[in-house]
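# show me the folded form of this:
(2 chains, ligands or ions: 4)
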Amino acid sequence: MTKIRLATIWLDGCSGCHMSFLDMDERLIELAPYFDLVYSPYVDAKEFPKEVDLSIVEGAVSSDHDLEMIKKIRANSKTILALGDCAVTGNVSALKNLYGTDAVLQRGYFELADINKNKRYPSQIVPKLLDKVIPLHEAVKIDYFLPGCPTPADAVYETIKALIEGREINVNELTRFGK
Amino acid sequence: MIKQKVRVKTFKIDDITVTGQSDQTVLEVAREHNIYIPTLCYLEGLSCVGSCRMCLVEIKGCRELAPACTSKIKEGMEVVTTSPDIQAHRNMILSMLFSERTHTCSVCVVNGNCELQDKTVELGLEHSLVPYLEQRFEIDASHKNFVHDPNRCILCTRCVRVCDEIEGAHALDLVDRGINTRIIHDMDEPWADSQSCTSCGKCVYVCPTGALYEKDISTEEKLKKTDIILNLIKSRKKDD
Ligand code: SF4
Ligand code: SF4
Ligand code: SF4
Ligand code: FES
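Ligands and ions are numbered 1, 2, ... in the order given. This next block holds a predicted model:
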């Protein structure tokens, strides 16, 4: 049996969907023989690898770094699964779109800051926020969508299993926006 | 006024021969025959306005799809309620409803009790087909019991109709156009200042989304009571 090369990553998400992944509990052991985890917050890999079979992406695209990453993920992955409402709809991450990036930075770095002597936004190391938070599929082509906030562990399990076995499932029976 | 005679019409829905009265709509006759057509703005007991377009069906001989809830039946017509084309249209319409306002289901007070959310499950839509527009409106929480959040409104006008047709207050109406359209109280006053609102809550009970909701009730307790309309109509008939 050839194992599939699996990557998981979070962009602008809260890690809740990755927690649901762990919430598969003992079923993780059942799934483990089927994949090699080549990149993930769970393991210590620095570079996103090439020739990934399945990339599971949590979170929306919020910064120039997220955008760069999702393009790299697309270029290096056979299939991408958008995991959770942030990845699928923008969700909580996209709430800031209602006020605009400037208003959010203003609030975070000036109004609520105790120390910010030179009165500037950080311009190095920290990625630059985009004008608008967008769901993954507005940036690159996405193959599978699994909504939910967080996506329930059962839905994550059933979907990964179906992907491994190469069969179709109706994700709407397992999860929905929001819940 | 000369009253038009109501006649019996025979026609076909999905190749099933059905009969209805000439003043009935395709949707009404379909429901009487247990043929399911998805709806959002339609609510039994209220007038039909055809604002959501969820109930689109194909009528043989018509070039465009037609909303079943406002299409009167005709002798010999042939209606098709589902096809890949109709489904594609419904999914696009649902996507547009989601993208026009800010439906962040996970932080919505009616998460799990929302008819719009239910439709995504029913129609199998797991992501929006059009980009989000992120329109923002101010929330009106002035009323002591209720909140109006236009960010969640799908402009189905169920609230406007129930207030006018069942409560008889006509405290609600629509203002502005297109993406800026909002429901308002009286002349666009804060809900608490509305002179005509009786605070009966009917608008809140029939709202399919989280645009109108009761204060101080947890998400799990939030239940819409859309059947109050028919119950009221029934008990009023008894009184006559
Ligand atoms: S969908 Fe919900 S749980 Fe998942 S990353 Fe976004 S906020 Fe967190
Ligand atoms: S509470 Fe009753 S009277 Fe007031 S707006 Fe709603 S339906 Fe109309
Ligand atoms: S407030 Fe609710 S009932 Fe009224 S138009 Fe908006 S979605 Fe429909
Ligand atoms: S239910 Fe017919 S248009 Fe809304």
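# so which bits of chain A are right by chain B?
For chain A, the residues in contact with chain B (CB under 8 Å from any CB of the partner chain) are A:82, A:85, A:88-92, A:94-95, A:97-99, A:132, A:134-135, A:137-138, A:142, A:145-147, A:149, A:170-173, A:176-179. Any C-beta I mention is one placed from the backbone N, CA and C, and that applies to glycine too.
# just the residues you listed: which are in strands?
Within the residues of chain A next to chain B, residues falling in strands by DSSP state E are A:Ala82, A:Lys132, A:Ile134, A:Phe145, A:Leu146.
# only the buried members of these: can you turn that into a ChimeraX selection?
Command for ChimeraX that selects the buried part of these, burial taken from 16 or more other CB atoms under 10 Å in any protein chain shown:
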select /A:82,132,134,145,146
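# of all the ones in strands among the residues of chain A next to chain B, which comes closest to B:Lys72?
B:Lys72 has its nearest neighbour among those in A:Phe145, at 39.0 Å by CB to CB.
# least trustworthy helix or strand in chain A by mean pLDDT?
Within chain A, no helix or strand scores below helix A:101-105, which has a mean of 92 by mean pLDDT, DSSP states H and E.
# narrow the residues of chain A next to chain B to those that are buried.
A:82, A:85, A:88-92, A:94-95, A:97, A:132, A:134-135, A:137-138, A:142, A:145-147, A:149, A:171-172, A:176-179.
# okay, now the unreliable bits of chain B?
Applying pLDDT under 70 to chain B picks out residues B:1-3, B:219-223, B:239-240.
# for the ones in strands among the residues of chain A next to chain B, which one is nearest B:Asn145?
A:Lys132 (35.9 Å).
# and the closest one, what's its pLDDT?
For A:Lys132, the model assigns a pLDDT of 96.
# just checking, it touches A:Leu95?
No. The criterion here is CB atoms under 8 Å, and A:Lys132 misses it with A:Leu95 at 11.8 Å.
# what parts of chain B come near chain A?
So far as CB under 8 Å from any CB goes, chain B lies against chain A at B:98, B:102-108, B:111-112, B:114, B:117, B:120-122, B:124-128, B:131-132, B:134, B:136.
# what's the closest of the ones in strands among the residues of chain A next to chain B to chain B?
Using CB to the nearest CB, A:Phe145 comes nearest to chain B of those, at 4.2 Å.
# quick check: which helices or strands does the helix or strand where A:Ala162 lies pack against?
Following DSSP states H and E, one finds A:Ala162 within helix A:153-165. For helix A:153-165, the packing partners by 3 or more CB pairs under 8 Å, 6 or more residues apart in numbering or on different chains; DSSP states H and E come out as helix A:16-22, helix A:27-31, strand A:77-83, strand A:144-146.
# now do the same contact list for the spatially most central residue of chain B.
Central residue of chain B (CA atoms, centre = their mean): B:Cys41, 1.4 Å from the mean position. Counting by CB atoms under 8 Å, 6 or more residues apart in numbering or on different chains, B:Cys41 makes contact with B:Val49, B:Gly50, B:Ser51, B:Cys52, B:Met54, B:Cys69, B:Ile154, B:Cys156, B:Thr157, B:Arg158.
# at 7 Å instead, please
When contacts are counted by CB atoms under 7 Å, 6 or more residues apart in numbering or on different chains, B:Cys41 touches B:Val49, B:Ser51, B:Cys52, B:Cys156, B:Thr157, B:Arg158.
# can you confirm the fourth one is in a helix?
The reference is to B:Cys156. No. Counting by DSSP: H, G, I helix; E, B strand; the rest coil, B:Cys156 is not found in a helix; it is coil.
# tell me how far it lies from ligand 4.
7 Å (CB to the nearest ligand atom, to the nearest Å).
# what values do phi and psi take at the closest residue to B:Cys203 other than its chain neighbours?
Once flanking residues are discounted, B:Cys203 sits nearest to B:Cys159: 3.6 Å by CB to CB, 6 or more residues apart in numbering or on different chains. Backbone dihedrals for B:Cys159, given as degrees, to the nearest 10, come out at phi -70, psi -40.
# end to end, how far does stretch A:171-179 reach?
Stretch A:171-179 has an end-to-end distance of 13 Å (CA to CA, to the nearest Å).
# flag every residue of chain B that's near ligand 2.
Residues of chain B that fall close to ligand 2, judged by CB under 6 Å from any ligand atom: B:162-163, B:167, B:169, B:171-172, B:197-203.
# reformat the residues you listed as JSON lines; add neighbour count and secondary structure.
Compiled in JSON lines, the residues of chain B next to ligand 2 are given as follows (neighbours: other CB atoms under 10 Å in any protein chain shown; DSSP: H, G, I helix; E, B strand; the rest coil):
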{"residue": "B:Val162", "neighbour count": "26", "secondary structure": "helix"}
{"residue": "B:Cys163", "neighbour count": "25", "secondary structure": "helix"}
{"residue": "B:Glu167", "neighbour count": "18", "secondary structure": "helix"}
{"residue": "B:Ala169", "neighbour count": "18", "secondary structure": "coil"}
{"residue": "B:Ala171", "neighbour count": "22", "secondary structure": "coil"}
{"residue": "B:Leu172", "neighbour count": "24", "secondary structure": "strand"}
{"residue": "B:Cys197", "neighbour count": "22", "secondary structure": "coil"}
{"residue": "B:Thr198", "neighbour count": "12", "secondary structure": "coil"}
{"residue": "B:Ser199", "neighbour count": "14", "secondary structure": "coil"}
{"residue": "B:Cys200", "neighbour count": "16", "secondary structure": "coil"}
{"residue": "B:Gly201", "neighbour count": "17", "secondary structure": "coil"}
{"residue": "B:Lys202", "neighbour count": "20", "secondary structure": "helix"}
{"residue": "B:Cys203", "neighbour count": "25", "secondary structure": "helix"}
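# which pair in the residues you listed has the greatest spatial separation?
Longest span within the residues of chain B next to ligand 2, CB to CB: B:Val162 and B:Ser199, 13.8 Å.
# could you export the contacts of B:Cys41 as TSV, including neighbour count?
Formatted as TSV, the contacts of B:Cys41 follow (neighbours: other CB atoms under 10 Å in any protein chain shown):
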residue	neighbour count
B:Val49	16
B:Ser51	18
B:Cys52	25
B:Cys156	26
B:Thr157	22
B:Arg158	28
